[in-house]
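Student: how would this look folded up:
(chains A and B)
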Amino acid sequence: MFKHLRNPLLFWRRNPLLLWRRTPLTRYTVLNRNIIIIMLLITIIPLTCMLILNNFQYKTHLRNQMMAPLYAMTEKTRHSFELFMDQRLAIMRFISATYSVENLGNEQVIHKILTSLKKERYGFVDIGLINTKGDLVSYVGPYSLLGKNYSEQISFQETRIKGQYISNVFLGHRKYPHIVIAVQVITDNGEIWVLRATIDTDFFDTLISSMGLERSSDAFLVNSDGILQTNSLYCGNTLEKCTLKLPSKGVKSRGVETKDANKQDIIIVSSGFSIADYILVIVQPQAVALKSWYALQTEMLIIFLISLTVIIFAIVQMTAVLIKRIKTSDERRESVLIELQHAQKLSSIGRLAAGVAHEINNPLAIINEKAGLMLDLIDLSTDFNQKTKFGELTQSILTSVDRCRKITHRLLGFSKRIDVKIEPIQINTVIREVIGFLEKDILYRRLEVNLKLSDTLEPILSDQGQIQQVLLNLLTNAFAAVQDELGRVDVETKNIQDKGVEIKITDNGCGISKEIIKNIFDPFFTTKKEEGTGLGLSISYGIITKLGGEIFVDSTQGKGSVFTIIFPEKTNKMESENENSEN
Amino acid sequence: MKIQKIKILLIDDEEEFISTLAERLELRGYLCKTAVDGQSGIQMVANEPFDIAILDLMMPGLNGLDTLRQIKKITPDLPVILLTGHGSTKDGMEGMRIGAFDFLIKPLDIYALIDKIKLALGQTPQVKS
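Tutor: Below is the predicted model:
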């Protein structure tokens, strides 16, 4: 009956708690997104930090591991070079010390020396003696250089000052790379002469190839001006300018990472010679040097990506479950709130109805009395030709007033449950009141309602309003279950032995299946989908339990259902009752 | 009965209601006096004797229950029938506790009222619905 009074708009406005529900989708989407973002951040940031840190540490460690053998190799090779050159110098020194200038000036003697040196495969090409003036006084070799003056050459000057000299590589007359080594020869009268020899550079290549470098690596000699002294794989040929920018000269080995002309990452390890103006350089592409590192890096990246995928998947799934739960609980709360609102609305409507009914009763009483008086007067008069007609009319007014009275009394009676209190109740009266409330439904649908109420039913101490609601719920359900015209609902009351009242409501409706019976008292369980809140029976159950009663169901599908309620003679929980009086 | 008419006091704020009710009761052989508020009702009870009083519970000014208390102070033996427009029996029960004879809900059924009057005066009630 209150259905037409429902105003959903008003309902939303009046309930600020429910305001945000206007855009529930957006709200849950935002929440979902925020949780995912936060969880991703707190898992991925540490993971990424660890990856970067590990990456850096491994790289440092691996580079050290990798550079060490390069340094060792460079040192060893440089040493071999120096040893080789030292050896040549030692031979020259030996000759200068053993032979006098006069002996060396002798063509035959010097020829003999060169011949024996060549036998030993020391790479000597020619040998000559230069006097203090710089004139080549004695020479044996493939060229005719006798008489040539060397006084302006660095080799001559440097040898006279330092005692020995090793030149850079130069192309001789045969267009073949050579170096010159020279030592002092001191005569008996203290003059400084120079013994000068040319050596071919075959041994350079021999030494470099003996290093056993990887194919893509490069090793070569260069002088301090950056002129290549041997052939290089990447940087040019002998006597060309080196294309790489080399680290400054130093005796100790040092490594530099840089990029070559093709923008490839390379490592350059260089080591300067102490006895000559040479720098040994090893160039290794980083790709080769760090091959193991790259493999490890790839593995780490793969593991990282896999964990990332797993984490993202887990987070998204977990969040979805979480949001679903929140949504479900929100929906439940919403249902409860709606039910509460509904109850409150019913209660205020009840109050309003009571007020209206009361106000209407006064004018109704006046109409009643006026019409009654008219009827009295008509009855008393004898000479009134319209007596019958007026009698009928007045009676009709009285009948209508009576109908109005029934309605207002019913409204008043029904609204009584607002004022909750424990009082003596005649269950039979309550049943009649509720049936009276549903009278129209019964009439229109031509249902058969049999009241088998016990005349000796004991009154019970309970809450009339609550019992009214329970009976209304159960009877409405029973009426909903039966068919029009064929439907029959029996209501039976009787006293039971251990002091209480039993109410039995039997219908011949559709019945309830076994699966549903298990759930019918659960909150939110409904078979009415959109129409029902699923709270009717659970509220009834709650009320009955609170009042200390019990409820049983027995149903056969297709034949009907029997709801049996037992109320005790006295309700024990009076205090708790008053707390929940608004329900 | 005509020699000694039963004298009824009607107290109700609804002038139209009590005047008509008085007329109807007079048609049935009762003598009626009316008061439109509690205070004047109490005054009349104090000034002259009545056989029975009919009192509305909901009145502006002095309400029905307080009026009943005052009347009972003056004439404890005067039977009082309460009228109420409200469905709640709470006030009616309270009135009964104070000493009212019975209570009826508006609009009235005249025969029910007459039955109650007769019961209150110890006469045999008419059996009529």
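
Student: Every contact and neighbour count from this point should use C-alpha atoms.
Tutor: Fine.

Student: So which elements touch the longest helix seen in chain B?
Tutor: Secondary structure assigned by DSSP state H gives helix B:15-27 as the longest helix of chain B. With contacts taken as 3 or more C-alpha pairs under 8 Å, 6 or more residues apart in numbering or on different chains; DSSP states H and E, helix B:15-27 sits against helix A:291-380, strand B:7-11, strand B:31-35.

Student: Those: which one's closest to A:Asn508?
Tutor: Proximity to A:Asn508 (C-alpha to C-alpha) singles out helix A:291-380 among the helices and strands packed on helix B:15-27, at 29.5 Å.

Student: so what pLDDT did the residue lying closest to A:Glu359 once chain neighbours are set aside get?
Tutor: Distance criterion C-alpha to C-alpha, 6 or more residues apart in numbering or on different chains; nearest residue to A:Glu359, sequence neighbours excluded, is B:Gly85 at 7.8 Å. With respect to pLDDT, B:Gly85 scores 74.

Student: ditto for B:Leu119
Tutor: According to the predicted model, the pLDDT of B:Leu119 comes to 84.

Student: quick one, whichever strand or helix holds it and helix B:15-27 angle?
Tutor: Secondary structure assigned from DSSP states H and E places B:Leu119 in helix B:110-120. Going by axes from the mean of the first three to the mean of the last three C-alpha atoms, to 10 degrees, helix B:110-120 is angled at 70 degrees with respect to helix B:15-27.

Student: Could you list every helix and strand in contact with helix B:110-120?
Tutor: If contacts are counted by 3+ C-alpha pairs under 8 Å, 6+ apart, helix B:110-120 sits against no helix or strand.

Student: Just put the helices and strands packed on helix B:15-27 in JSON lines and tack on distance to A:Val489 and mean neighbour count.
Tutor: Putting these into JSON lines (distance: least, C-alpha to C-alpha, whole Å; neighbours: other C-alpha atoms under 10 Å in any protein chain shown) gives the following:
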{"stretch": "helix A:291-380", "distance to A:Val489": "26", "mean neighbour count": "16"}
{"stretch": "strand B:7-11", "distance to A:Val489": "46", "mean neighbour count": "22"}
{"stretch": "strand B:31-35", "distance to A:Val489": "50", "mean neighbour count": "20"}
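
Student: burial of residue 121, as a residue count?
Tutor: Going with chain A. The local packing of A:Arg121 (other C-alpha atoms under 10 Å in any protein chain shown) involves 8 other residues.

Student: not what I meant, chain B
Tutor: 15.

Student: residues in contact with it?
Tutor: For B:Leu121, the set of contacting residues under the criterion of C-alpha atoms under 8 Å, 6 or more residues apart in numbering or on different chains consists of B:Asp51, B:Ile52, B:Pro79.

Student: Can you name the residues in contact with stretch A:77-96?
Tutor: When contacts are defined by C-alpha under 8 Å, 6+ apart, stretch A:77-96 is touched by residues A:122, A:164, A:181-186, A:195, A:204, A:207-208, A:211, A:271-275, A:280.

Student: typo on my end, stretch A:353-370
Tutor: The contact list for stretch A:353-370 (C-alpha under 8 Å, 6+ apart) reads A:398, A:401, A:404-405, A:408-409, A:411-412, A:415, B:14, B:16-17, B:20-21, B:24, B:85-87, B:106-108.

Student: Would you mind writing the CA trace of that stretch as PDB?
Tutor: Only the C-alpha atoms of stretch A:353-370 are listed here, as PDB (Å, rounded to 0.1, in the frame of the first residue of the first chain):
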ATOM      1  CA  ALA A 353      -1.400   7.900   8.700                       C
ATOM      2  CA  ALA A 354      -2.200   7.900  12.400                       C
ATOM      3  CA  GLY A 355      -2.300  11.700  12.500                       C
ATOM      4  CA  VAL A 356      -4.400  11.900   9.400                       C
ATOM      5  CA  ALA A 357      -6.800   9.200  10.600                       C
ATOM      6  CA  HIS A 358      -7.200  10.900  13.900                       C
ATOM      7  CA  GLU A 359      -7.900  14.300  12.300                       C
ATOM      8  CA  ILE A 360     -10.400  12.700   9.900                       C
ATOM      9  CA  ASN A 361     -12.200  10.900  12.700                       C
ATOM     10  CA  ASN A 362     -13.500  14.200  14.200                       C
ATOM     11  CA  PRO A 363     -15.400  15.500  11.100                       C
ATOM     12  CA  LEU A 364     -16.400  11.900  10.500                       C
ATOM     13  CA  ALA A 365     -17.900  11.700  13.900                       C
ATOM     14  CA  ILE A 366     -19.900  14.900  13.100                       C
ATOM     15  CA  ILE A 367     -21.200  13.500   9.800                       C
ATOM     16  CA  ASN A 368     -22.100  10.400  11.700                       C
ATOM     17  CA  GLU A 369     -24.100  12.200  14.300                       C
ATOM     18  CA  LYS A 370     -25.700  14.500  11.800                       C
END
